[in-house]
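Engineer: Have a look; sequence and predicted model below, questions after that.
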Amino acid sequence: MLLRFVNVSAPAPDASALTSSRRRRLAVIVNPNATTTSPRLRSLVVHALSHRFDVEPVDTEGPRHATELARIAAENGADAVVTLGGDGTVNEAANGLVGTGVPLVPLPGGATNVFHRLIGMPGDIVDATEHVLSLADRWDPRPVDVGRIGDRWFTFAAGVGLDASVVHRVDQRPKLKARFGPWFYTAAAVGTFNRTYVRHPPQMVLELPDGRELPGVTAIFQNAPEFTYFASRPVRLLHGQSLHTGNLSGAVLRHSRPTVMPGVTLRALVPSLDLGRHRAVEAVHPLTQAVVRSTDDRALPFQVDGDYVGETDRAEIAVQAGGLLVVA
């Protein structure tokens, strides 16, 4: 699919031709299925951006489509890729832009919008659109780090095991996800933990470059200060991380006995508490590369930026410092 860049609000071809050299070209990738996105909102955002930019909106049609669209936009000379969707759309677009030098401009269209908050984008779509319009005359892309698990980049967090299983369960019930938000995640987490991880959790090991092996049932990796948000409350599982450290923070949950969950939950909900200090957790910081693999012949579920990706027997963990440009 080819992306064309047009000024949809230009009154006449000659006026557009006179200004096109001074206007940045934006590919606007819209996830029509995102929680707070609608056809009307799409039209309003595109119309507003067209006052200062040449824009080409295009809707995603399925999983990973945003990656393909972002890659094509970069190859065709876009000045930036704007996403209208949630963290899943941002993640897919980022996977098409890492290393290209074309910046990402995320507009909030999902339920949680973690990455948008991390880079300082306003949480309200109207405010965010006005903010992007104000940047037309002071365009200043800045680099942020990105992590990688297997063949997928992530912008703020990834997980293997329990949290991925929870995300998978939530993603299968999109209406409940949209209606109850973090409370549905909580119910899914408790149910998944009790039914699967207390009785017969998957077994894995995190292999570190120095030869250490950390066995456990769940592993998480953070590329940012927050792992996610519970409504407006930040969930800071591992401390000391940012989008500019050039490394990751990682942690392995050694076991999943019923006594583990209260302490883990407390550390998730109280920002001042560090999950890495839990007695059943082995934390690793700084982390630049590692391997996570199954040790009981069961494929491991994994997620990136809050979206379930699938299962893997083995995945390499890595980070690319400054690998993604953003404008916010």
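Structural biologist: Here it is on my side, so go on.
Engineer: Quick one: the helices in this protein, in order.
Structural biologist: In the chain, the segments counted as helices under DSSP state H are 13-19, 39-49, 65-75, 87-97, 114-118, 125-134, 162-171, 174-180, 182-192, 260-269.
Engineer: Residues contacting the third one, please?
Structural biologist: Applying CB atoms under 8 Å, 6 or more residues apart in numbering, the contact partners of helix 65-75 are 1-3, 27, 29, 31, 58, 60, 81, 83, 85, 89, 92-97, 100-102, 104. Every C-beta, even on glycine, is put in place using the N, C-alpha and C of the backbone.
Engineer: buried ones in it?
Structural biologist: For helix 65-75, burial by neighbour count (16 or more other CB atoms under 10 Å) applies to His65, Ala66, Thr67, Glu68, Leu69, Ala70, Arg71, Ile72, Ala73, Ala74.
Engineer: how about Val45, what does it touch?
Structural biologist: Taking CB under 8 Å, 6+ apart, one finds Val28, Leu84, Leu107, Ile125, Thr129 in contact with Val45.
Engineer: follow-up on the earlier one: show me the one of the helices of the chain that comes nearest Phe156.
Structural biologist: For Phe156, the closest of the helices of the chain is helix 114-118, at 5.6 Å, according to CB to CB.
Engineer: quick check: mean pLDDT across the closest one?
Structural biologist: Taken as a whole, helix 114-118 has a mean pLDDT of 96.
Engineer: can you check stretch 50-58 too?
Structural biologist: On average, stretch 50-58 scores 96.
Engineer: quick revisit: can you tell me which of the helices of the chain is packed in deepest?
Structural biologist: helix 87-97 (a mean of 27; mean count of other CB atoms under 10 Å).
Engineer: what distance separates that helix from the centre of its chain?
Structural biologist: Computed by CA atoms, centre = their mean, to the nearest Å, the separation of helix 87-97 from the middle of its chain amounts to 7 Å.
Engineer: Point out the other helices and strands that that helix packs with.
Structural biologist: Contacts defined by 3 or more CB pairs under 8 Å, 6 or more residues apart in numbering; DSSP states H and E place helix 87-97 against helix 65-75, strand 80-85, strand 104-108, helix 114-118, strand 152-154, strand 307-312, strand 314-326.
Engineer: nearest to His200, of these?
Structural biologist: With CB to CB as the criterion, His200 lies closest to strand 307-312 of the helices and strands packed on helix 87-97, at 16.0 Å.
Engineer: Can you list the neighbours in contact with the closest one?
Structural biologist: Contacts of strand 307-312 (CB under 8 Å, 6+ apart): 87-88, 91, 150, 152, 160, 164, 167-168, 171, 299-303.
Engineer: Please identify which of the buried residues of helix 65-75 is nearest to Val326.
Structural biologist: Val326 lies nearest to Ala70 out of these, by CB to CB, at 13.0 Å.
Engineer: coming back round to it: so which of the helices of the chain is nearest Ala321?
Structural biologist: Using CB to CB, the helices of the chain put helix 87-97 closest to Ala321, at 14.8 Å.
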